[in-house]
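Chemist: What follows is a protein structure lacking sequence information:
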C-alpha cells in the first residue's frame, strides 16, 4: 500500500518534484561547487553569511553536548537560562550526529531539507485553499522562496538586468535556522490549522497541538505570531457563533500552552538574572509605544477588501468563501498586532523579522492568489495566462540565479583564503580539550584589520570544540559576569593591543564608534545612535576604568577570566604585541606555521 501511495504521489505531483530539484541545485549547488573548485586547498570551511556563524555556533554547541545553548561562545554560563530557543539547532545537530556528518555537511543538508519542506508546505496550503489548483499552488512557493526580495525592493530587478546590483548574500531561505527552520513551523501550523477548521480528520488536532506547542522552543517571532493568530481566530469564531471552530481552536490553544510551560518557566528564570537588563539592551529592546504599520500589511488588507467586493465574489477559489476571508483576516490582524505589541507592553522588540519572515511570505501568497483571480476575471485565453505565469516563474528563477551567482562570486576569493586555517583548526581539535578557551584578535571589531580576523574568531566556535574568550554576539546572551564588566574588559584589551593610551581613549572611541557594537550588541543599532549619545557620566566611568585597567600586566589582564590559548595570524595583524606578551614565562608557543601562531597559558597543577 505505501508503494502505491508513493507512485500515485509521484504521478500527481511530478512537476513539483522537478521544480524542487532545480531549486535545490540553485540553493545547495554553490556550496558543493566551492568544495570542488577549492580542490586540495579546501580546509573544511564552507561559505557562511555573516549572521550564519551565529546559528552555526549554536549547532556546534549541541554537537559538543550543550543542548540548552545558554551561551555557545563562553566557557562559563552554560547552566544559565537560555535566551534564544534551542530546538532548531537541536534538530540539526542531532540529525548530523545520527548520520555521522561533520558540522559543515550537516549545515549543507539542511540547506536542502529546509527549502524543500517549505516548498511542499506552501504548495499544500495553497493547493488546499484553492481546492486543487496546481498551477497556483506551484507558483506561490516559487515566488516566496526565490523572489520575496522583489516585493519590498522591486527596483532590484532592473538593477539585476542592468548588472548594477552586486548581491552579497545568498537567497533568504537558504539562511541557517531562521527563517530556514522557523518557517517550517509557521507554515506547518498554518496548513494544519486550515485543514483542521475545514475537515473532520482528527490527525490535524495532533499536528496543530504539537507544532504550536513546539514553536515556543523555536523562535519568539514564530510563537508570538501564532499565539495572536489563534486568539484572533477564536474571537472571530465566537462572534460568528461557530461552535465547532471554537472547540477546535480552544483545544489547540490550551494544548499548545501546556506544552509551552517549561518555556515560560525558563523565561521567568531568565528575567530574574542580574544580567537580564544587559541582555535586553544587547538584543535591541527599548522603551517605546511607537505605532508601526508597513506596506506589506497594507497589501494584505487591500486584497482582502478587494476579494470581499462583488466583482471577485471569490469564485476563482473553489473553496468555502467566508472561511477563506476570515482565516486571512485573522492572519492580517495578527501581523498588525505583533508588530505593535509595544503599544501594550511598552517594550519595542525589533520587528523586522515579523515583516521579513512572516508578513512578507504571507503577502506574496495573497498576491499570487489575487493576481490569479484577476486574470480569471479578465477572461483571458488560457495560453495567455500560462505565458504570464511562465514569465513570473522565469523572473523568480532569474532573480535567484543572479543572487546566488553574485553571492558566490563575492565570497569565493575570501573563503578560498580562509582555507589556510584548516591545519591550525585540525591541530586545535587534536591537541586541546573540549570547552577550553582561546583568544583571537577578531573577537572584537578592529577598525584597521581585515574581516579575516573576525572570521578566524568565528571558525573557532563553529569548527572546533573550544570556546572563545569573547565574541561580538556575547551581549545576546545572559552574562555570567556583572553588568558590562566583561564586555568592557575585552574592549580595553582591544584598545591596549592597538596601543591606545588612556588619554586618547575617549577620542578614539568617538571616531571609531562601531567598536562599541561589540559591547552593546543591538543597543546602538535599533536606536540609531552613536558614541556621542552616550551620557557624560558613563563616558567618565569608562575613562576611569580604562585608566585603572591600562597599567596591568598582560598575564594579569588575560587570566582575569578563563583562558587557555591565544591564536594569532601575523599575516593579517602583524603589529599586535603578542610576541612581547609571550615572553612571559607562563605562556608558551605551541604552534607556529605559515605565520599562524598558537600560545598556551601554563597553569600550575
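Modeler: In hand now; what should we look at? It should be emphasised that the depicted structure is a prediction, and the values quoted were computed from it without experimental measurement.

Chemist: can you pull the contacts of residue 392?
Modeler: 139, 142-143 (Cβ atoms under 8 Å, 6 or more residues apart in numbering). The C-beta positions use only the backbone N, C-alpha and C, and glycine is treated the same way.

Chemist: for residue 444, same thing?
Modeler: So residue 444 contacts 470, 472, 490-491, 493-494, 515, 518 (Cβ under 8 Å, 6+ apart).

Chemist: of those, closest to residue 587?
Modeler: If you rank those by distance to residue 587 using Cβ to Cβ, residue 493 comes first, at 14.9 Å.

Chemist: Return the distance of the closest residue to the closest one other than its chain neighbours relative to residue 496.
Modeler: Excluding the flanking residues, the one nearest residue 493 by Cβ to Cβ, 6 or more residues apart in numbering is residue 557, at 6.3 Å. According to Cβ to Cβ, to the nearest Å, residue 557 and residue 496 sit 8 Å apart.

Chemist: intersection of neighbour lists for those two?
Modeler: residue 549.

Chemist: tell me what the host helix or strand of residue 138 is packed against?
Modeler: In this structure, residue 138 sits in helix 134-147 according to DSSP states H and E. Counting contacts by 3 or more Cβ pairs under 8 Å, 6 or more residues apart in numbering; DSSP states H and E, helix 134-147 packs against helix 14-38, helix 103-129, helix 360-377, helix 382-418.

Chemist: sorry, back to before: same list, the contacts of residue 444, but as a markdown table with distance to residue 163, neighbour count and pLDDT please.
Modeler: Below are these laid out as a markdown table (distance: Cβ to Cβ, whole Å; neighbours: other Cβ atoms under 10 Å; pLDDT from 0 to 100):
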| residue | distance to residue 163 | neighbour count | pLDDT |
| --- | --- | --- | --- |
| 470 | 41 | 25 | 89 |
| 472 | 34 | 22 | 83 |
| 490 | 42 | 21 | 88 |
| 491 | 42 | 24 | 86 |
| 493 | 44 | 21 | 91 |
| 494 | 40 | 20 | 87 |
| 515 | 35 | 18 | 75 |
| 518 | 36 | 20 | 70 |
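
Chemist: farthest pair in the residues you listed?
Modeler: 472 and 493 (14.0 Å).

Chemist: OK, contacts around the residue nearest the centre of the chain?
Modeler: Centroid-nearest residue in the chain, with Cα atoms, centre = their mean: residue 178, separated by 3.5 Å. With contact set as Cβ under 8 Å, 6+ apart, residue 178 has these partners: 55, 88, 219, 353, 357.

Chemist: cool, and residue 52?
Modeler: 175-176.

Chemist: gap between it and residue 407?
Modeler: Taking Cβ to Cβ, one finds residue 52 at 12 Å from residue 407.

Chemist: quick one: least confident helix or strand in this protein?
Modeler: Ranked by mean pLDDT, DSSP states H and E, the weakest helix or strand in the chain is helix 523-527, scoring a mean of 63.

Chemist: Quick check: what element follows that helix along the chain?
Modeler: helix 536-549.

Chemist: Could you give the average pLDDT over that next one?
Modeler: Here helix 536-549 scores 86 as its mean pLDDT.
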